[in-house]
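# Pasting the sequence and the predicted model now:
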Amino acid sequence: MRKPSFTRFSKVRSVAHVGRVAARRLYRQYRASCQKPILDDWARLAEGLRSDLRNAAPSSIGRLLALKRPPFFFRAEGSRDWVLRMSTQGSAVEREATSVLHHQFRFFGKDFDLRSARDDSEYAPLDWNIDFFSSYRWEADRVAAPGGPGAHGADIRVAWELNRFHHFPLLGQAYWLALNGKTPGLDAECFAREFQNECLDWIAKNPARCGVNWACAMEVAIRAVNWIIGFHFFRLSPSISAEFWTRYLTGILDHGNFIWENLENDQLFLTNHYLADLVGLFYIGINFPELADSRKWHEYALAELMRESAVQVDRDGVQYEGSLNYHRFSTELFCSLLALCRISNVPVPPSFERRVEKMIDFVRSYTKPDGNAPMIGDFDESRLHYFSEYGSWSPTDHRYLLGIGGHLFGRSDFMEAAGPRIEEARWLAGGNLS
């Protein structure tokens with residue numbers, strides 16, 4: 001795999017971009033030198049925004065829960081139809097979701113039992129600020145500079161993994177299965193209550209812009225996407241109160257504002273982090289028109305993603321960071337974006353679609369006969385969302401992208417190469433695979 005040269009980068013990064021990078025760095029250095037005043041300013045601003053949201057709560061929450069919502073990959077009103085399509089994965093979903101209910105998680109190939117001494121019928125708060133390997137805990141009430149801490153032998157990625165909420169789609173799938181009588185003996189609403197309790201628990205323990213979970217915009221963006229997916233699963237749950245949805249929407253507002261203020265575009269060579277920031281911002285903006293800045297966010301994010309796709313992905317469809325796993329993650333980001341644009345009737349340039357198709361073609365080319373990818377470059381396990389194989393997905397198996405590509409581009413060769421890994425595609429396709 002060819003490693004891009006500095007000469008090629010210099011052709012695509014303008015002098016203006018270099019100037020902007022320098023200005024952003026100076027500003028962020030200044031902000032880091034006076035964190036407390038900046039935090040006080042943010043607190044006043046955020047409280048004003050939240051006050052506006054509370055004042056508009058009746059109408060905002062009414063629109064939030066209304067049947068007529070912006071289009072998404074699936075709708076709560078159609079849960080019964082989805083359950084029929086989920087018949088082949090129902091038992092796995094039930095098993096894995098029940099583990100999550102008991103706060104048993106699997107990260108980086110290792111099982112973690114986060115249960116506390118309690119009655120299983122009650123929610124036990126989770127420790128959102130700990131590295132489960134080293135047991136090091138970050139303070140949640142301290143300002144976290146973008147980029148994040150990484151001392152005391154702790155691995156910040158371990159703390160972040162739980163806080164990405166990759167298990168919310170799983171809880172939603174289990175909710176729909178139980179709601180439609182496919183998991184006898186399980187109360188469907190226990191999954192809705194878990195969603196609600198985890199969100200409230202997290203909001204209470206992770207004040208905006210403080211702590212390890214506000215240290216990196218990409219992490220905030222991934223979390224926002226999975227909270228949004230959870231919203232679409234649980235929106236009609238009778239167990240969830242309007243008061244909760246007010247707090248939830250306020251939390252989404254905090255996520256959107258943080259991403260906007262901390263976009264990871266202060267480096268000369270931008271990476272998949274910036275792509276993830278933008279995809280998260282697009283998800284928030286397109287799904288919540290109730291928010292005042294929603295249009296600004298999704299329009300800016302889309303324009304930047306179109307530009308970055310031409311910079312970070314060469315004409316042969318290879319992402320420029322020199323890692324197959326970064327290529328995989330970037331491809332997933334672009335595929336999720338493209339699927340959401342199509343279902344939302346948001347046009348994208350044909351050149352973008354062709355580039356994404358070439359990215360998937362590259363995945364097909366490097367996938368070995370046993371379904372695994374070779375190890376080239378950094379080994380990174382980042383995902384945007386899981387609609388299947390939560391806790392069991394192998395980072396060397398990139399075939400789920402081939403299934404998604406088969407749907408997006410009507411490519412039977414992609415679908416054939418995907419083999420059994422088509423469940424992700426089914427959800428992004430709204431249940432209808434081409």
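Alright, I've got the coordinates.

# got the contact list for the closest residue in space to residue 402 that isn't next to it in sequence?
In space, and not counting its chain neighbours, residue 402 is closest to residue 418: 3.8 Å by C-beta to C-beta, 6 or more residues apart in numbering. C-beta coordinates here come from the backbone N, C-alpha and C atoms, glycine included. By C-beta atoms under 8 Å, 6 or more residues apart in numbering, the residues touching residue 418 are 399, 400, 402, 403, 406, 425.

# so how many other residues sit close to the first one?
In other words, residue 399. When counting by other C-beta atoms under 10 Å, one arrives at 22 neighbours for residue 399.

# hang on, the earlier thing: now tabulate the contacts of residue 418 in a markdown table and tack on secondary structure.
Putting these into a markdown table (DSSP: H, G, I helix; E, B strand; the rest coil) gives the following:
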| residue | secondary structure |
| --- | --- |
| 399 | helix |
| 400 | helix |
| 402 | helix |
| 403 | helix |
| 406 | helix |
| 425 | helix |
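
# Closest one of these to residue 107?
The shortest approach to residue 107 among those belongs to residue 400, at 18.9 Å (C-beta to C-beta).

# Would you agree residue 376 is in contact with residue 323?
Yes - the pair residue 376 and residue 323 qualifies as a contact (C-beta atoms under 8 Å) at a distance of 6.7 Å.

# Same drill for the two, tell me which one is more crowded.
Between residue 376 and residue 323, counted using other C-beta under 10 Å, residue 323 has the larger neighbour count: 19 against 13.

# Need the pLDDT of the closest residue to the more buried one other than its chain neighbours.
Counting by C-beta to C-beta, 6+ apart, residue 323 lies nearest to residue 377, which is 2.8 Å off, once chain neighbours are set aside. pLDDT recorded at residue 377 is 94.

# repeat for residue 348
98.

# what about the residue nearest to residue 323, helix or strand, and which?
Using DSSP states H and E, residue 377 maps to neither a helix nor a strand.

# repeat for residue 396
Using DSSP H and E, no helix or strand contains residue 396.

# show me what contacts the residue nearest in space to the middle of the chain?
By C-alpha atoms, centre = their mean, the chain has its centre lying nearest to residue 222, at 2.6 Å. Counting by C-beta under 8 Å, 6+ apart, residue 222 touches 164, 276, 280, 382, 384.

# shouldn't the fourth one be in contact with residue 331?
No - the pair formed by residue 382 and residue 331 falls short of the contact definition of C-beta under 8 Å, at 11.8 Å.

# Greatest separation within the contacts of residue 222: which pair is it?
Taking C-beta to C-beta, no two of the contacts of residue 222 sit farther apart than 280 and 382, at 12.7 Å.

# Neighbour count for the two, which is higher?
residue 280 (29 against 22).

# Show me what the helix or strand harbouring the more buried one is packed against.
Element membership of residue 280, judged by DSSP H and E, is helix 272-287. When contacts are defined as 3 or more C-beta pairs under 8 Å, 6 or more residues apart in numbering; DSSP states H and E, helix 272-287 packs onto helix 217-234, helix 242-261, helix 294-312, helix 324-343.

# deepest of those helices, which one?
Highest mean neighbour count among these (mean count of other C-beta atoms under 10 Å): helix 217-234, with a mean of 24.

# Mean confidence (pLDDT) on it, please.
pLDDT averaged over helix 217-234 gives 97.

# Report the angle between that helix and helix 324-343.
In terms of direction (axes from the mean of the first three to the mean of the last three C-alpha atoms, to 10 degrees), helix 217-234 departs from helix 324-343 by 40 degrees.

# Could you quantify the relative orientation of helix 217-234 and helix 242-261 as an angle?
Helix 217-234 and helix 242-261 meet at an angle of 150 degrees, taking the same axes, to 10 degrees as the criterion.

# For helix 217-234, C-alpha coordinates in CSV please.
Extracted in CSV, the C-alpha atoms of helix 217-234 (Å, rounded to 0.1, in the frame of the first residue of the first chain):
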residue,chain,number,x,y,z
ALA,A,217,-14.5,15.5,19.8
MET,A,218,-14.5,12.2,18.0
GLU,A,219,-15.6,10.4,21.1
VAL,A,220,-18.4,12.9,21.7
ALA,A,221,-19.5,12.4,18.1
ILE,A,222,-19.6,8.6,18.2
ARG,A,223,-21.6,8.8,21.5
ALA,A,224,-24.0,11.3,20.0
VAL,A,225,-24.7,8.9,17.0
ASN,A,226,-25.5,6.0,19.3
TRP,A,227,-27.7,8.1,21.5
ILE,A,228,-29.6,9.1,18.4
ILE,A,229,-30.0,5.5,17.3
GLY,A,230,-31.3,4.8,20.8
PHE,A,231,-33.8,7.6,20.4
HIS,A,232,-35.2,6.1,17.3
PHE,A,233,-35.6,2.7,19.0
PHE,A,234,-37.2,3.9,22.2
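
# Fine by me, thanks again.
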